[in-house]
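[1] kindly return the folded structure for what I paste below:
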Amino acid sequence: MSFSDLFDSGFKKRNESQFAAIVRVAMSDGVINDAEKAFLDRLARNLDISEHDYEVILKNYKTHPINPPTSYDTRLERLYDLARMVWADQIEGDNQMAMLERLCVGLGFKSSNAKYVADKALELVKNGVDLDTFMEEIKTMNR
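    As a prediction, the model looks like this:
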């Protein structure tokens, strides 16, 4: 039994939906630059998206529904993972922040609050905090 066989098709669909939503965010300016492409490649591997599904999603990303997590904790967990990937991929300066802000909106954070959330998320990731600390810090800033 392969690792992916341990999960039901619902898990696979959620990953594909999350990936498609992030592709949609990356395509919001009409192009996927090299840094975004590298990020998407890594994210596809982490979400166990096959090469075939990757190509289909890139080609038809608008046909996948955007389903941001309804749970605030799940939203924070995804933000933590995405912020770590953006930081690890060393997407530089304004591109880094713009991508993370768009990802925040894609995760369901209000666009009026996305810059603040992205700044805080990146700061926490740069400081190497664990998931629990990350979640508590983000929750504290929104009180």
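
[2] use CA for all of it now, contacts and neighbours both
    Fine.

[3] can you tell me how far the nearest residue to Ala114 once chain neighbours are set aside is from Ile22?
    Closest residue to Ala114 apart from its sequence neighbours, by C-alpha to C-alpha, 6 or more residues apart in numbering: Glu101 at 5.2 Å. Look at Glu101 and Ile22: by C-alpha to C-alpha, to the nearest Å, they are 12 Å apart.

[4] which of the helices or strands spans the residue most central in space within the chain?
    Geometric centre of the chain, nearest residue: Leu82, 4.3 Å, by C-alpha atoms, centre = their mean. Taking DSSP states H and E as the definition, Leu82 sits inside helix 72-88.

[5] could you export that helix as PDB, CA atoms only?
    Written as PDB, here are the backbone C-alpha positions of helix 72-88 (Å, rounded to 0.1, in the frame of the first residue of the first chain):
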ATOM      1  CA  TYR A  72      -9.700  29.400  11.900                       C
ATOM      2  CA  ASP A  73      -7.200  27.000  13.400                       C
ATOM      3  CA  THR A  74      -6.900  25.100  10.000                       C
ATOM      4  CA  ARG A  75      -6.500  28.500   8.300                       C
ATOM      5  CA  LEU A  76      -3.600  29.300  10.600                       C
ATOM      6  CA  GLU A  77      -2.000  25.900  10.100                       C
ATOM      7  CA  ARG A  78      -2.100  26.400   6.300                       C
ATOM      8  CA  LEU A  79      -0.800  29.900   6.700                       C
ATOM      9  CA  TYR A  80       2.100  28.600   8.800                       C
ATOM     10  CA  ASP A  81       3.000  26.000   6.200                       C
ATOM     11  CA  LEU A  82       2.700  28.500   3.300                       C
ATOM     12  CA  ALA A  83       4.700  31.200   5.100                       C
ATOM     13  CA  ARG A  84       7.500  28.700   5.800                       C
ATOM     14  CA  MET A  85       7.500  27.700   2.200                       C
ATOM     15  CA  VAL A  86       7.600  31.300   1.000                       C
ATOM     16  CA  TRP A  87      10.500  32.000   3.400                       C
ATOM     17  CA  ALA A  88      12.300  28.700   2.500                       C
END
